[in-house]
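Enquirer: just to be clear, the model below is a prediction. Sequence and coordinates:
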Amino acid sequence: MEMKTVKIGLMGFGNIGVGTYKTLEMNRAVIAANTGIDFEIVKILEKDVDRKRDVVVPREKFTQNPDDLFLDPQIDIVIELLGGIQPATDFMQKAMNNGKHVVTANKAAVAANYDELRKTAADNQVLFRYEASVAGGIPILSALTGPLLGNDFVEVLGILNGTTNYILSQMADAGLAYEDVLKTAQEKGFAEADPTADVEGIDVANKLSILISLIFGERVAPKDIPTEGISKITKEDIEKASAEGNKIKLIGKAKKENGTLTYSVKPTMIPFSHPLAGVNNEFNAVFVKGNAVDELMFYGKGAGPLPTGSAIMGDVIEIGKAMAKNAAYDQVVAGGRK
Ligand code: HSE
């Protein structure tokens with residue numbers, strides 16, 4: 001089999017950028033053996049070249065000029081890992097307008113500009129994929145937009161934020177204080193740059209907004225989802241819940257009943273007997289109910305550099321395979337239902 005090459009430009013080299021680089025470095029040979037494609041990160045857009053990172057990258061790969069990625073004809077795929085809505089959205093659109101396929105883990109940008117980003121992809125006949133934006137390493141978006149398309153969905157319910165689940169688990173099981181656990185979650189690379197988005201439930205609202213689009217085909221902006229985080233949960237609340245046989249979990253939920261969609265993000269009592277009660281630390285779980293498949297639960301690491309790197313590389317590989325087949329735009333998954 002003739003080996004094909006796919007070249008990648010990476011925007012952002014923080015925790016997830018490094019995790020993605022490492023995932024590819026660790027598995028490049030096995031990916032090449034499985035797919036017949038050699039994937040290579042050739043440029044990295046990053047201001048802070050000298051930051052201490054546990055990966056060695058040739059200095060000439062770094063640039064501070066985004067045009068070095070957009071205008072480089074050898075780059076096929078741009079991975080956006082800058083975080084935040086802007087300039088990430090503009091950059092993704094510029095990449096697509098220059099004929100690059102785009103992969104992102106940026107739930108804030110995808111949730112805020114879902115229609116616009118998908119339209120830019122369609123207009124340019126490029127692929128836009130964002131598996132890593134919801135529930136980290138769990139391939140929930142691929143499942144919803146592939147094997148589960150034969151369903152009309154009733155409900156989605158999930159633990160969708162690793163940082164808050166880590167905090168609640170450590171407070172409950174190790175009796176640790178909120179601030180100390182948040183610090184550890186940051187050190188482990190689970191938390192957002194500004195952890196307010198995690199602890200106030202905004203990150204879950206972003207992810208739920210994306211899930212609602214794919215599951216129910218409706219656009220609900222994150223700001224329109226009633227949202228409450230965990231910053232007011234005390235050790236006493238957790239102990240009281242536990243004495244009553246419950247765990248407190250931050251739950252994102254959307255349900256369709258008699259044609260009406262309801263949704264929320266809030267700390268919720270989950271009985272010890274419920275499968276979501278056993279989802280601890282940075283693990284996430286997404287529970288969906290379809291009218292044919294009935295109940296399904298997906299479980300895995302929802303945060304962290306390598307699990308997120310796994311989801312990002314999955315998208316990159318899917319695009320590489322489509323490119324290798326010369327697949328027309330509408331013959332491959334372009335990010336969900338029409
Ligand atoms: N800050 C996010 C979390 C990262 O803790 O879940 C993954 O989206």
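Expert: Good, I have the coordinates.

Enquirer: nearest residue to L144 other than its sequence neighbours?
Expert: Excluding the flanking residues, the one nearest L144 by Cβ to Cβ, 6 or more residues apart in numbering is L214, at 4.9 Å. Yep, even glycine has a C-beta here, placed from its N, CA and C like the rest.

Enquirer: I figured the one you found hits G146, correct?
Expert: No. Using Cβ atoms under 8 Å, L214 makes no contact with G146, being 11.0 Å away.

Enquirer: returning to what we had before: burial count for the residue nearest to L144?
Expert: 20 (other Cβ atoms under 10 Å).

Enquirer: element containing it, please.
Expert: helix 202-216 (DSSP states H and E).

Enquirer: which helices and strands does that helix pack with?
Expert: Using 3 or more Cβ pairs under 8 Å, 6 or more residues apart in numbering; DSSP states H and E, the elements in contact with helix 202-216 are helix 107-112, helix 114-124, helix 140-145, strand 153-159, helix 196-199, strand 246-257, strand 260-271.

Enquirer: what residues does the helix or strand just after that helix touch?
Expert: Downstream of helix 202-216, the first helix or strand assigned by DSSP H and E is helix 235-243. For helix 235-243, the external contacting residues (Cβ atoms under 8 Å, 6 or more residues apart in numbering) are L168, M171, A172, G175, A177, Y178, K247, I248, M269.

Enquirer: and helix 235-243, what's buried?
Expert: Under the neighbour-count criterion of 16 or more other Cβ atoms under 10 Å, helix 235-243 has I238, A241 buried.

Enquirer: and it, C-alpha only, in PDB?
Expert: Taking C-alpha atoms only, helix 235-243 is exported to PDB below (Å, rounded to 0.1, in the frame of the first residue of the first chain):
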ATOM      1  CA  LYS A 235     -18.800  19.900  52.300                       C
ATOM      2  CA  GLU A 236     -21.900  19.900  54.500                       C
ATOM      3  CA  ASP A 237     -24.200  19.700  51.400                       C
ATOM      4  CA  ILE A 238     -22.100  16.700  50.200                       C
ATOM      5  CA  GLU A 239     -22.200  15.000  53.600                       C
ATOM      6  CA  LYS A 240     -26.000  15.500  54.000                       C
ATOM      7  CA  ALA A 241     -26.600  14.100  50.500                       C
ATOM      8  CA  SER A 242     -24.400  11.100  51.300                       C
ATOM      9  CA  ALA A 243     -26.300  10.400  54.500                       C
END
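
Enquirer: what angle sits between that helix and strand 246-257?
Expert: If you take axes from the mean of the first three to the mean of the last three Cα atoms, to 10 degrees, helix 235-243 sits at 80 degrees to strand 246-257.

Enquirer: ok, which of the helices and strands packed on helix 202-216 comes nearest the ligand?
Expert: Closest approach to the ligand among the helices and strands packed on helix 202-216 (Cβ to the nearest ligand atom): helix 196-199, 4.9 Å.

Enquirer: check contacts around K249.
Expert: By Cβ under 8 Å, 6+ apart, the residues touching K249 are I159, N165, L168, P267, T268, I270, L276, A277, V279.

Enquirer: hey, what's K256 bridged with?
Expert: Going by DSSP bridges, K256 is paired in beta bridges with L261.

Enquirer: that one against F216, yeah?
Expert: Yes. Counting by Cβ under 8 Å, F216 is a contact partner of K256 at 6.0 Å.

Enquirer: quick check: neighbours shared by the two?
Expert: Residues touching both K256 and F216 (Cβ under 8 Å, 6+ apart) are F153.

Enquirer: would you turn the contacts of helix 235-243 into a markdown table with distance to F91, pLDDT and neighbour count?
Expert: Formatted as a markdown table, these follow (distance: Cβ to Cβ, whole Å; pLDDT from 0 to 100; neighbours: other Cβ atoms under 10 Å):
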| residue | distance to F91 | pLDDT | neighbour count |
| --- | --- | --- | --- |
| L168 | 34 | 97 | 24 |
| M171 | 37 | 95 | 22 |
| A172 | 40 | 94 | 18 |
| G175 | 44 | 89 | 10 |
| A177 | 39 | 88 | 12 |
| Y178 | 35 | 90 | 17 |
| K247 | 40 | 97 | 22 |
| I248 | 38 | 98 | 20 |
| M269 | 42 | 98 | 14 |
